[in-house]
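1. Structure for the following, please:
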Amino acid sequence: MARLRYVKSLEQVKRDAERNPEFLESTVRSLRVVYETVPAIAAALVPKPLEPSRPEICVTFSHVAMHVTPEVTIEIGSAIFGVRASYDGVEGIWLITMPMTSEQAVIGGRETYGEPKKIAKIDFRKDDDHVAASVTRMGVTYLEAKGTLAEVLAPREFVEHGFCVKALPSCEKAKGFDGEPLLVRLDWRQRHRAVQRVAGDLVLRASPFDPVADVPVRKLLRMEYEEGTSESSGLVLRPIPGEWLLPFLHQRYDDPRAPGVEVAEA
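-> Take a look at the predicted model:
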């Protein structure tokens with residue numbers, strides 16, 4: 001009897017859904033950075049119906065081990081660059097870009113949640129008391145952080161939220177979307193067994209494809225090294241009008257033609 005792996009039975013689909021790596025617990029080592037930026041710039045980054053929160057940018061570099069089965073573990077590098085925002089009284093991070101080292105992580109996150117993921121080279125190193133991480137795309141190392149481990153902090157457990165939009169850009173020219181975009185909230189349950197403050201620096205470099213340097217660092221608020229586990233889930237909050245998303249949609253593609261908008265820095 002022939003075996004055709006391009007098709008599954010409905011019973012197999014149901015069983016495999018329980019083992020989707022997007023929803024499994026992962027072992028994570030991270031370098032987490034939070035900085036204050038220009039309030040007007042932070043506010044301009046946030047689409048409706050989200051509301052701007054504190055003018056803070058959250059940057060996280062991670063080495064992630066996803067435990068698919070007891071015998072199979074997939075290791076990837078990942079990063080997050082986003083701005084504080086809230087919806088219906090719940091604060092989280094509006095995810096601007098999420099570089100990943102593997103195609104599996106990009107496809108699953110974009111199709112399941114609408115996460116703005118892209119393939120990138122991510123270096124994450126910890127040598128004794130020194131930790132360093134960087135993200136490189138299109139020949140530019142546009143995000144880089146490094147420092148020295150300092151004060152030991154208490155273990156912690158919390159739920160962190162991310163916001164993104166699941167959308168189908170239209171296959172017809174200038175139409176917008178094939179269906180209403182959906183606002184999604186991600187819930188990340190973090191369990192950090194080891195946490196240390198890091199004395200270090202964050203560098204944002206100019207890139208025509210990943211313009212994080214447009215969001216300047218006014219003040220470094222926090223830099224920490226974490227070891228622990230993370231578990232993801234998500235839910236659709238509501239549909240949103242396509243015109244609310246269109247000014248931001250190009251963020252998830254490589255668009256060096258984007259002229260940008262003028263924002264007062266006062």
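2. all strands of the protein, in order?
-> Per DSSP state E, the chain has strands spanning 26-36, 51-67, 73-87, 90-100, 117-119, 121-127, 130-137, 140-153, 156-166, 182-204, 219-239. These are given in chain order.
3. Indicate which one of those is closest to residue 247.
-> Minimum separation from residue 247 across the strands of the chain (Cβ to Cβ) falls at strand 156-166, 12.1 Å. In short, each C-beta sits where N, CA and C put it, glycine included.
4. so can I have JSON lines of the strands of the chain showing mean neighbour count?
-> Supplementary listing: these in JSON lines, determined by neighbours: other Cβ atoms under 10 Å:
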{"stretch": "strand 26-36", "mean neighbour count": "20"}
{"stretch": "strand 51-67", "mean neighbour count": "20"}
{"stretch": "strand 73-87", "mean neighbour count": "20"}
{"stretch": "strand 90-100", "mean neighbour count": "22"}
{"stretch": "strand 117-119", "mean neighbour count": "19"}
{"stretch": "strand 121-127", "mean neighbour count": "15"}
{"stretch": "strand 130-137", "mean neighbour count": "21"}
{"stretch": "strand 140-153", "mean neighbour count": "17"}
{"stretch": "strand 156-166", "mean neighbour count": "17"}
{"stretch": "strand 182-204", "mean neighbour count": "17"}
{"stretch": "strand 219-239", "mean neighbour count": "16"}
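5. Out of these, which gets nearest to residue 42?
-> When these are ranked by proximity to residue 42, the top entry is strand 51-67, at 3.8 Å, counting by Cβ to Cβ.
6. Who does that closest one pair with, and is each partner parallel or antiparallel?
-> Strand 51-67 has the following strand partners under DSSP bridges: strand 26-36 (antiparallel), strand 73-87 (antiparallel).
7. My read is that residue 192 contacts residue 156, right?
-> Yes - here residue 192 reaches residue 156: they are 5.1 Å apart, a contact under Cβ atoms under 8 Å.
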